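Engineer: I'll drop the sequence and a predicted model, then ask my questions.
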Amino acid sequence: MSSNQTDVVFFDENGLRTDQRKPDEIRPMKIKIGVLSRANGSCYLEWGANKVIAAVYGPREAHPRRMQLANKAVIRYRYNMQSFSVEDRARPGPSRRSSEISKVSREAFEPVLFAEDYPKAAIDIFVEVLQADAGTRTAAINAASLALVDAGIPMRGLVSACAAGKVGGKIVLDLNKPEDNYGEADLPIAMTEDGKITLIQMDGHLTPSEFEEAMELVQKGCRQVLEIQKAALLEKFASVMDDDEEEIIVEEEIEDDAEADVEISVESEDADEADFDEDDIDAFVAEVSERLAKDVSAIIRNYEAEKCETDIDLADGLFEDEDLDIVIIEDDEMDADDLKEIEAFVSDMADDDEESDDDDDDSDDDEETDIFVIDAEDSDEEESDEEFDDDEEEE
Amino acid sequence: MAHEVLSALKRDFIHNLIVEGKRADGRDFREMRDISVKTNVIAKAEGSAYVKYGETKILVGIKLQKGTPFPDSPGEGIIMTGMELNPLASPDFEAGPPREEAIEMSRIVDRGIRESHSIDLKKLCIREGELVWMVFVDISVINDAGNIVDASCLASIAALLTTTVPADEANGFDSIPLPMQNIPVGVTVVSIDNTLILDPISDEENVCGTKLTIITENDGAISGMQKSGAEPLLPETVLEMVKLAGEKGAELRERYLSNLSIRG
């Protein structure tokens, strides 16, 4: 942290921060997935006043060839700041700071990617910071994580990043610009869905007990981010998943009942329920969900096709300076009920950040998001033992 | 970009369509894609614009810094134009220092701004011979779906038109809108099978042998031109292209930029 100015006031009389947030509250986040037509996957993300855009290319042939690895894909991550993204114009091109961030961010993703499945290939992750306002590396990682999903690249789970810090002697979540400039410590981390830390950096001054408190808080922040990421994925891909489910059910129906009409829909299946006894239905549902879970690659292919058809417009709402919130971007393909369901899900999540697992009314949603969580159990390879904090951050 | 490998099949497809009088995206030969211009999109920049030509997306940010003037023009501000072909914008772009095509394109845009005297550089002088404003035009290609030169020209001018020069109290310089006195517009014409088409998409750019970018001013005068590509052009084709670009340029200026120029 660059300087300690005693005249900076971080909290008002109600204990709220300069931007009216509570100490454990993250800034509003706005996400749009699939914004670039040339990239295999892309994501635009606003977090407070940060604006970042991520694109993923690959797996594709690694070029130049000397970069190829014989046994696995090379993962490349480029964090870059636009020259106009900051107050004083930044020199275009890589700096020492951006090189370091690129390195640790790449390492944040290595544990969740199946690099060993793509020898001699490259998975390229590019993140451009269009507007910077403290916390760009974490915003970049969150966007990159979703761009990877959009590219249909299998992952062990999502990566979510958030920072905690110390300002005015108090531990707070997700530092804003004045807090970052004049605060006493900054602790950005990235975490997998199963709670493994894949990036950790820290600069400033924290006592061991403060560090513990900050770690506690920052993990909570990451979990909040994860829920927002999942909601964004659900909002983007829910309609595709629905279509898929219907198709598979139709197939099952035909196999089960040779006399069935070809035009059986999900609704008519409900009407036929009386013909099955309950065990049959349970078995049937179990079988279908198992098939759904197994057939991840088919689903990915399907939503890639869907992506091409949907007209995703970068300008629509992208740079609007309206009050930021988790924004549902309307999708013509979705019907009103879907939309309501998702809205309810998202607003639930946005409202109570404490209570992140509301299992009561959205079991369907959970089932669908879980499909993105590919083999979360398999992720116990020990990459997370690597030391990410060997470099001090330079400003 | 012309580097992309294009299969013979696709090449034939584009050619055959043109011969039939059609284009891959159903446009007329002289029809532009849908264009949208959004200004003031980056709060940290003194001016900014986000322009779309169909799926092509360009973001331009203007930053102003104080600096010493060049010895040969002590009383004038300085323009610097840079273009970055972000690797996220196309599978063909690579990270690294700007390659010749990026340098060429940014110089085309720069020429349009400079040669049309679109900025009144004398008004950017703070203390003659010592301190002037330097105007940095940074062009960032977000998605390359063809014709990034035209989109960059339009985005740069839109951003400049909405730029505010900050005050410098110490030297008695008040904040002013960037003094703009001309609105250059760049239009690229390509020739495929002797048919002139405007606003080429990536595949058409790959098929065409050569591109001609023509920048025209408010009064229709030409302030910059660049032929890019190896195929030769006949003099009469060049004249026809210039006429076409002038007409389209006037149309684009009227439709997308004139409403921004009120402050100039």
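Structural biologist: Structure received.
Engineer: give the residue spans of chain B that score low on pLDDT.
Structural biologist: Where chain B drops to pLDDT under 70, the residues are B:1-5, B:261-264.
Engineer: where do the strands sit along it?
Structural biologist: Using DSSP state E, the strands of chain B run over residues B:35-39, B:47-53, B:56-67, B:78-85, B:125-127, B:131-143, B:164-165, B:176-177, B:185-192, B:195-198, B:210-216, B:222-229.
Engineer: out of the ones you listed, which comes closest to chain A?
Structural biologist: Closest of these to chain A is strand B:56-67, at 2.5 Å (criterion: CB to the nearest CB). No exception for glycine: its C-beta is placed from N, CA and C like everyone else's.
Engineer: quick one: the closest one near chain A?
Structural biologist: Yes - using CB under 8 Å from any CB of the partner chain, strand B:56-67 reaches chain A at B:Lys57, B:Leu59, B:Gly61, B:Ile62, B:Lys63, B:Gln65.
Engineer: what secondary structure does the residue of chain A found nearest chain B sit in?
Structural biologist: As assessed by CB to the nearest CB, chain B sits closest to A:Phe84 within chain A, at 2.5 Å. Put simply, A:Phe84 is coil when judged by DSSP: H, G, I helix; E, B strand; the rest coil.
Engineer: pLDDT score assigned to it?
Structural biologist: For A:Phe84, the pLDDT comes out at 95.
Engineer: contacting residues around it?
Structural biologist: B:Ile42, B:Lys44, B:Ala45, B:Ser48, B:Gly61, B:Ile62, B:Lys63, B:Phe136, B:Asp138 (CB atoms under 8 Å, 6 or more residues apart in numbering or on different chains).
Engineer: out of everything not next to it in sequence, what's closest to the fifth one?
Structural biologist: To tie it back to what came earlier, the one meant is B:Gly61. A:Phe84 (2.5 Å; CB to CB, 6 or more residues apart in numbering or on different chains).
Engineer: likewise for the first one?
Structural biologist: Leaving aside its sequence neighbours, B:Ile42 sits nearest to B:Ser48 (CB to CB, 6+ apart; 4.0 Å).
Engineer: I figured the one you found hits B:Lys63, correct?
Structural biologist: No - with contact defined as CB atoms under 8 Å, B:Ser48 does not count as touching B:Lys63 (9.6 Å).
Engineer: what does chain A put close to chain B?
Structural biologist: Chain A comes close to chain B at residues A:36-39, A:42, A:49, A:51, A:53-55, A:57, A:60, A:78, A:80, A:82-89, A:92-94, A:124, A:126-128, A:130-133, A:314-315, A:318-319, A:321, as judged by CB under 8 Å from any CB.
Engineer: make it 7 Å
Structural biologist: Contact residues (CB under 7 Å from any CB of the partner chain) of chain A with chain B: A:36-39, A:49, A:53, A:55, A:57, A:78, A:82-87, A:89, A:92-93, A:124, A:126, A:128, A:130-131, A:314-315, A:319.
Engineer: now list the buried members of those.
Structural biologist: With burial judged by 16 or more other CB atoms under 10 Å in any protein chain shown, the buried subset of the residues of chain A next to chain B is A:36-39, A:49, A:53, A:55, A:57, A:78, A:82-86, A:89, A:92, A:124, A:126, A:128, A:130-131, A:314-315, A:319.
Engineer: so what's the one residue in the stretch 151-264 of chain B that gets nearest to chain A closest to, chain neighbours aside?
Structural biologist: Of all residues in the stretch 151-264 of chain B, B:Ser202 sits closest to chain A, at 8.3 Å by CB to the nearest CB. Distances taken as CB to CB, 6+ apart place B:Gly146 nearest to B:Ser202, at 4.3 Å, with adjacent residues excluded.
Engineer: burial of the residue of the stretch 151-264 of chain B closest to chain A, as a residue count?
Structural biologist: Residues lying near B:Ser202 (other CB atoms under 10 Å in any protein chain shown) number 23.
Engineer: and A:Asp194, by the same measure?
Structural biologist: 13.
Engineer: three-state assignment of it?
Structural biologist: coil.
Engineer: can you pull out the helices in the chain?
Structural biologist: Let's take chain A. Chain-ordered helices for chain A, with DSSP state H as the definition, fall at A:96-109, A:136-150, A:177-182, A:208-256, A:266-271, A:278-294, A:296-309, A:336-351, A:363-370.
Engineer: should've been chain B
Structural biologist: B:8-19, B:100-115, B:148-161, B:202-207, B:235-252.
Engineer: pick the most deeply packed of those.
Structural biologist: Of all the helices of chain B, helix B:148-161 has the most neighbours on average by mean count of other CB atoms under 10 Å in any protein chain shown, namely a mean of 28.
Engineer: C-alpha coordinates for that helix, CSV please?
Structural biologist: The C-alpha trace of helix B:148-161 is given here as CSV (Å, rounded to 0.1, in the frame of the first residue of the first chain):
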residue,chain,number,x,y,z
ILE,B,148,-11.6,-2.3,-38.7
VAL,B,149,-10.0,0.7,-40.4
ASP,B,150,-13.3,2.4,-41.1
ALA,B,151,-14.7,1.6,-37.7
SER,B,152,-11.5,2.9,-36.1
CYS,B,153,-11.7,6.2,-38.0
LEU,B,154,-15.3,6.7,-37.0
ALA,B,155,-14.6,5.7,-33.4
SER,B,156,-11.6,8.0,-33.1
ILE,B,157,-13.4,11.0,-34.4
ALA,B,158,-16.5,10.3,-32.3
ALA,B,159,-14.2,10.1,-29.2
LEU,B,160,-12.3,13.3,-30.1
LEU,B,161,-15.6,15.2,-30.7
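Engineer: tell me how far it is from the chain's mean position?
Structural biologist: 5 Å (CA atoms, centre = their mean, to the nearest Å).
Engineer: residues making contact with that helix?
Structural biologist: Applying CB atoms under 7 Å, 6 or more residues apart in numbering or on different chains, the external contacts of helix B:148-161 come out as B:37, B:39, B:47-49, B:51, B:53, B:56, B:58, B:60-62, B:83, B:105, B:108-109, B:112-113, B:118-119, B:137, B:139, B:141, B:178, B:180, B:183-188, B:199, B:213, B:215, B:252, B:256-257, B:260-261, B:264.
Engineer: and the contacts of A:Phe84, which are buried?
Structural biologist: Applying 16+ other CB under 10 Å to the contacts of A:Phe84 flags B:Ile42, B:Lys44, B:Ala45, B:Ser48, B:Gly61, B:Ile62, B:Lys63, B:Phe136, B:Asp138 as buried.
Engineer: just the residues you listed now: which is nearest B:Gly246?
Structural biologist: B:Gly246 lies nearest to B:Ile62 out of the buried ones among the contacts of A:Phe84, by CB to CB, at 26.6 Å.
Engineer: from what I can see that closest one touches B:Ala45, true?
Structural biologist: Yes - assessed by CB atoms under 7 Å, B:Ile62 is found in contact with B:Ala45 at 5.8 Å.
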